[in-house]
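J.: what follows is a predicted protein model with its sequence.
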Amino acid sequence: MPRRDREQTRRRLLDAAFVEFAAYGIAGARMERIARIAGCSTGLVYTYYGGKQELFDAVQAEVVDAAFVAFDAADLPGYAARCYDRQHDHPELARLAAWRRLERPGQVTRSAEIEAIRQAQARGLVSTRFSAEQVLVLVLAIASMWSNAPADGSDHAARRRAVEDAVWRLVEP
């Protein structure tokens with residue numbers, strides 16, 4: 001009898017869960033589908049992850065690393081453009097983030113980024129027209145406004161420039 005490779009099984013489960021959660025969110029995802037895509041039994045999914053919430057958390061922890069974009073409060077237009085690029089190249093990351101915001105509101109804190117924006121505002125690098133929290137939300141909203149656009153490259157450069165320009169106009173002192 002062949003021996004099971006636990007890491008390979010975990011990898012298949014995480015990959016299948018990523019696809020499922022990006023498409024259906026937490027509430028719509030089905031453990032049976034995840035198991036079928038991963039090529040294992042539904043019971044094995046529960047053995048490895050306990051339940052759907054725990055599996056979503058495992059996928060989310062992995063996606064946070066994959067979606068990482070270097071934050072720079074002194075260059076918010078560049079940060080927004082990099083976020084736009086990431087979402088353009090990987091729209092499934094944007095969908096997963098949207099599901100997280102919809103189904104788990106208030107769980108994500110960005111206190112380090114907010115504090116960095118406050119410091120940039122104090123140094124006169126970022127406008128004080130909006131609070132640091134508002135600036136961050138607006139920057140992220142601008143960066144993701146085309147996240148559902150096709151990733152075929154059409155208008156990508158123009159959209160990227162528009163993102164940078166809009167954020168620059170938002171934060172210029």
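T.: On my side now, so go ahead.
J.: buried set for stretch 31-46?
T.: 31, 33-35, 38, 40, 45 (16 or more other CB atoms under 10 Å). Glycine gets a C-beta too; all of them are placed from N, C-alpha and C.
J.: C-terminal to the helix or strand of the chain with the lowest mean pLDDT, what's the next element?
T.: For the chain, counting by mean pLDDT, DSSP states H and E, helix 91-103 ranks last in confidence among helices and strands (a mean of 80). Following helix 91-103 in sequence order, the next helix or strand is helix 111-122 (DSSP states H and E).
J.: what's that next one packed up against?
T.: helix 132-144 (3 or more CB pairs under 8 Å, 6 or more residues apart in numbering; DSSP states H and E).
J.: export only the CA atoms of the helix or strand just after the helix it packs on, formatted as PDB.
T.: Using DSSP H and E, the next helix or strand after helix 132-144 towards the C-terminus is helix 156-171. Below are the C-alpha coordinates for helix 156-171, written out as PDB (Å, rounded to 0.1, in the frame of the first residue of the first chain):
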ATOM      1  CA  HIS A 156      -3.300  48.300 -18.200                       C
ATOM      2  CA  ALA A 157      -0.600  51.000 -18.500                       C
ATOM      3  CA  ALA A 158      -3.200  53.700 -18.800                       C
ATOM      4  CA  ARG A 159      -5.200  52.400 -15.800                       C
ATOM      5  CA  ARG A 160      -2.000  52.100 -13.800                       C
ATOM      6  CA  ARG A 161      -1.100  55.700 -14.600                       C
ATOM      7  CA  ALA A 162      -4.700  56.800 -13.600                       C
ATOM      8  CA  VAL A 163      -4.300  54.900 -10.300                       C
ATOM      9  CA  GLU A 164      -1.000  56.700  -9.500                       C
ATOM     10  CA  ASP A 165      -2.300  60.100 -10.600                       C
ATOM     11  CA  ALA A 166      -5.500  59.700  -8.600                       C
ATOM     12  CA  VAL A 167      -3.700  58.700  -5.400                       C
ATOM     13  CA  TRP A 168      -1.100  61.500  -5.900                       C
ATOM     14  CA  ARG A 169      -3.900  64.100  -6.200                       C
ATOM     15  CA  LEU A 170      -5.500  62.500  -3.000                       C
ATOM     16  CA  VAL A 171      -2.400  62.700  -0.900                       C
END
